[in-house]
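Asker: Curious how this folds, go ahead:
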Amino acid sequence: MSKKFSWSFLPTVSSSKQERVARQRSRKIDVMLKRGVFMLPEVLFVVGNSQSGVSTFLKQMRIITGPEFSQQELIDFRRTIYKNIIEGLQVLVIEKISMGIPWGNPANENNMLVTSVVSWNMNLEPEKFQGFVTAINSLWNDSGIQEAYSKTKKIYFLVTYESLKYFLNNMNRIGQLSYIPCKQDILYARNFCTASGYFVHRNILITRSRSTQRFHGSHNTTVLFMVASSEFDQVMEVPYSSNGSTSLADSLEVFKVVLCHSFFRKCTTLILFFNKTDLLAEKVQTADIRKYFPEFQGDPHSLEDVQRFLVECFRERMMTVDNSRPFFYHFTTAVDTENIRIAFDSVKETILREKLKALKLL
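Answerer: Next up, the predicted model:
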């Protein structure tokens, strides 16, 4: 779902005057095309906290714009996925113990010990991972682990529970010796290093916010700020700010910092992606946002009411800093390639529209 904009190059005037205005603007555009104005590179900075989906979005850009992932990259992603699975289960075991939840099957105490030998810096290959498959499946099917999964509210730095659930539900495929990650697996893989760098699509350069110094002299900049819309109740292990008790509250703090930063205040366009819409739609059916945001007015189990509240939270933050800047936003699901393709097409349209306005052609 995305906010729609209705606009036209031409005002509603008489036919003859309309044609004259159109010809004048057409000539201006022709002159600017000859000067290369529209070929000046646009820099799209992608910003967000660690759980917002920035890495997933950048991987989507790689999938959408190419090139294909190399064989070595696929092998590196496979190692990452193996580690995500085992480290994720290790975290769930810790959560189960801290909540005092008993094992559904006491024999899984031994399976817990089997998986505990894997450390964060181990590179697992299919032959070695095969030795953990039985223990992994048994742990995931344990009622105690399932209860811990459903109750935990804490976000760990290297674990996203939606990724863990996706991988564990696909163990019949991932557990094969011949396993090679598909594109959907890559999107769910949690590895901060694999989505670094930048991508070029036509004349738009897409990069993470950590690269701002490289483009400090650029005037054609757009900021894409990503929000994990479903995580209004998820507590971050390492929040950006002490005020950000939940991932959503943390995003609001980061957004305020971005708005006040001297570099980003010079950007031409600011667009928000309220990400993880699929997870938000599931969560609002049972969770109550009022426990974390008592100022919420509306039906806590209505997706539309919750989304409207989220938009207003960020809009209000922006109005306090700069009430003249246009507010663009989309609701996205970063692991859905077609959804991101459509949203990115809208982003390109917004960038073009804002450039034409800046050139007084709108």
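Asker: buried stuff in stretch 161-175?
Answerer: Tyr161, Ser163, Leu164, Tyr166, Phe167, Leu168, Asn170, Ile174, Gly175 (16 or more other Cβ atoms under 10 Å). To be clear about C-beta, it is placed using only N, CA and C from the backbone, and glycine gets the same treatment.
Asker: mind putting the residues you listed in TSV, pLDDT included?
Answerer: Formatted as TSV, the buried residues of stretch 161-175 follow (pLDDT from 0 to 100):
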residue	pLDDT
Tyr161	82
Ser163	91
Leu164	92
Tyr166	95
Phe167	96
Leu168	96
Asn170	97
Ile174	97
Gly175	95
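Asker: Rebuild the residues you listed as JSON lines, extending it with distance to Ile64.
Answerer: Formatted as JSON lines, the buried residues of stretch 161-175 follow (distance: Cβ to Cβ, whole Å):
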{"residue": "Tyr161", "distance to Ile64": "26"}
{"residue": "Ser163", "distance to Ile64": "20"}
{"residue": "Leu164", "distance to Ile64": "25"}
{"residue": "Tyr166", "distance to Ile64": "20"}
{"residue": "Phe167", "distance to Ile64": "23"}
{"residue": "Leu168", "distance to Ile64": "27"}
{"residue": "Asn170", "distance to Ile64": "23"}
{"residue": "Ile174", "distance to Ile64": "24"}
{"residue": "Gly175", "distance to Ile64": "29"}
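Asker: And the residues you listed, which is closest to Arg308?
Answerer: Using Cβ to Cβ, Tyr161 comes nearest to Arg308 of the buried residues of stretch 161-175, at 26.0 Å.
Asker: can you tell me how far that closest one sits from Pro181?
Answerer: According to Cβ to Cβ, to the nearest Å, Tyr161 and Pro181 sit 19 Å apart.
Asker: Likewise for Phe132?
Answerer: To Pro181, Phe132 is 17 Å away according to Cβ to Cβ.
Asker: for Asn339, same thing?
Answerer: Asn339 sits at a distance of 20 Å from Pro181 (criterion: Cβ to Cβ).
Asker: And for Trp140?
Answerer: 19 Å.
Asker: ditto for Phe314
Answerer: When distance is defined by Cβ to Cβ, Phe314 is 34 Å away from Pro181.
Asker: Lys151 now?
Answerer: Counting by Cβ to Cβ, the gap from Lys151 to Pro181 is 30 Å.
Asker: quick one: which of those two has more around it?
Answerer: Pro181 (22 against 11; other Cβ atoms under 10 Å).
Asker: Help me confirm that that one comes into contact with Asp76.
Answerer: No: the criterion here is Cβ atoms under 8 Å, and Pro181 misses it with Asp76 at 9.5 Å.
Asker: Flag the shaky bits of the stretch 1-150 of the chain, pLDDT-wise.
Answerer: 1-41, 120-121 (pLDDT under 70).
Asker: Do you have the helices of it handy? List them.
Answerer: Remark: helices assigned in the stretch 1-150 of the chain by DSSP state H, counting those that start in this stretch are 15-35, 54-65, 71-98, 108-115, 126-129, 133-140, 143-151.
Asker: and if you look at the stretch 151-300 of the chain?
Answerer: Going by DSSP H, counting those that start in this stretch, the stretch 151-300 of the chain shows helices at 161-168, 171-174, 183-188, 247-260, 262-265, 277-283.
Asker: Redo those as CSV? Include distance to Phe344.
Answerer: Listed next are these as CSV, based on distance: least, Cβ to Cβ, whole Å:
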stretch, distance to Phe344
helix 161-168, 21
helix 171-174, 29
helix 183-188, 15
helix 247-260, 20
helix 262-265, 20
helix 277-283, 15
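Asker: Compute the distance between Thr56 and Met112, please.
Answerer: According to Cβ to Cβ, Thr56 and Met112 sit 29 Å apart.
Asker: Would you mind telling me which of the two has the busier surroundings?
Answerer: The residue with more neighbours, out of Thr56 and Met112, is Thr56; 25 against 20, by other Cβ under 10 Å.
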